[in-house]
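S.K.: need a structure here:
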Amino acid sequence: MSCERDVPSLFQVSVRRRPSTMGAKTAAGYGWFDASIELQKNVQDALRAGDERRKTEQQQIAEKEQKKREEEGRRRKKEEIARATEGMTAEQKAAFEMTSWPAHKFKDVVQKLSTLPPEQKVAVYVLLRGERVSIWKEIRQLALEGKQKDRTRWSSSVQELFKMAKERKEKMP
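M.R.: Numbering: from 1, shown residues only. You can find the predicted model right below:
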């Protein structure tokens, strides 16, 4: 939007455009318009308000489109996971889900191993024997040689995992 000094007043424009020889009806018509500064400010304010309203509407539309795209992405991802886990058992599904978890979240689940449902326990056990061996070694180290706080925190989970390995006649790494 232009600055006020760049915008000529309506009166200045009308004076410049007025022909030198005007008829009485035409000259009377120029007197019927209000060209006050207050009116000009009101018009400029209305134009600014209209611009701001259009901007906010465009922003709202853009936000709605972004939400739609995000929702579509989540739906697609959910469908992909459903297709990938279609023929899996409950333990395999839980293991598949846990593979994408960050280490700290997985450790929290291991810490609460005794309260987990059986299929999640098996999934944690399988992952600690396979893909998450480094976490298993870290947890075992803390349970055996860590501070007292760490020993009490991890010892029950480590014992339960050893028990699961013994039941399956396997050894933990």
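S.K.: who touches the residue nearest to residue 122 when sequence neighbours are not counted in this structure?
M.R.: Of all residues not flanking residue 122 in the chain, residue 91 sits nearest, at 4.3 Å (C-beta to C-beta, 6 or more residues apart in numbering). For the C-beta atoms, the positions are set from N, CA and C on the backbone; glycine is no exception. Residues in contact with residue 91, defined by C-beta atoms under 8 Å, 6 or more residues apart in numbering, are 119, 122-123, 126.
S.K.: mind running it again at 6 Å?
M.R.: The neighbours of residue 91, taking C-beta atoms under 6 Å, 6 or more residues apart in numbering as the test, are 119, 122-123.
S.K.: Report the separation between residue 85 and residue 79.
M.R.: 11 Å (C-beta to C-beta, to the nearest Å).
S.K.: what does residue 107 give?
M.R.: In terms of C-beta to C-beta, residue 107 sits 30 Å off from residue 79.
S.K.: just to revisit the earlier point, who has more neighbours out of residue 85 and residue 79?
M.R.: Neighbour tally, residue 85 and residue 79, criterion other C-beta atoms under 10 Å: the higher count belongs to residue 85, 16 against 10.
S.K.: Angles on the backbone of that one, please.
M.R.: phi -100, psi 20 (degrees, to the nearest 10).
S.K.: my read: it touches residue 94, true?
M.R.: No. With contact defined as C-beta atoms under 6 Å, residue 85 does not count as touching residue 94 (9.7 Å).
S.K.: Can I get the strand or helix carrying residue 123 in CSV, CA atoms only?
M.R.: Under the criterion of DSSP states H and E, residue 123 resides in helix 118-129. The C-alpha coordinates for helix 118-129 follow below in CSV (Å, rounded to 0.1, in the frame of the first residue of the first chain):
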residue,chain,number,x,y,z
PRO,A,118,3.1,-61.3,27.0
GLU,A,119,3.4,-60.4,23.3
GLN,A,120,5.3,-57.2,24.1
LYS,A,121,7.6,-59.1,26.5
VAL,A,122,8.5,-61.5,23.7
ALA,A,123,9.0,-58.6,21.3
VAL,A,124,11.3,-56.9,23.7
TYR,A,125,13.2,-60.2,24.2
VAL,A,126,13.6,-60.8,20.5
LEU,A,127,14.8,-57.2,19.8
LEU,A,128,17.3,-57.3,22.7
ARG,A,129,18.7,-60.6,21.2
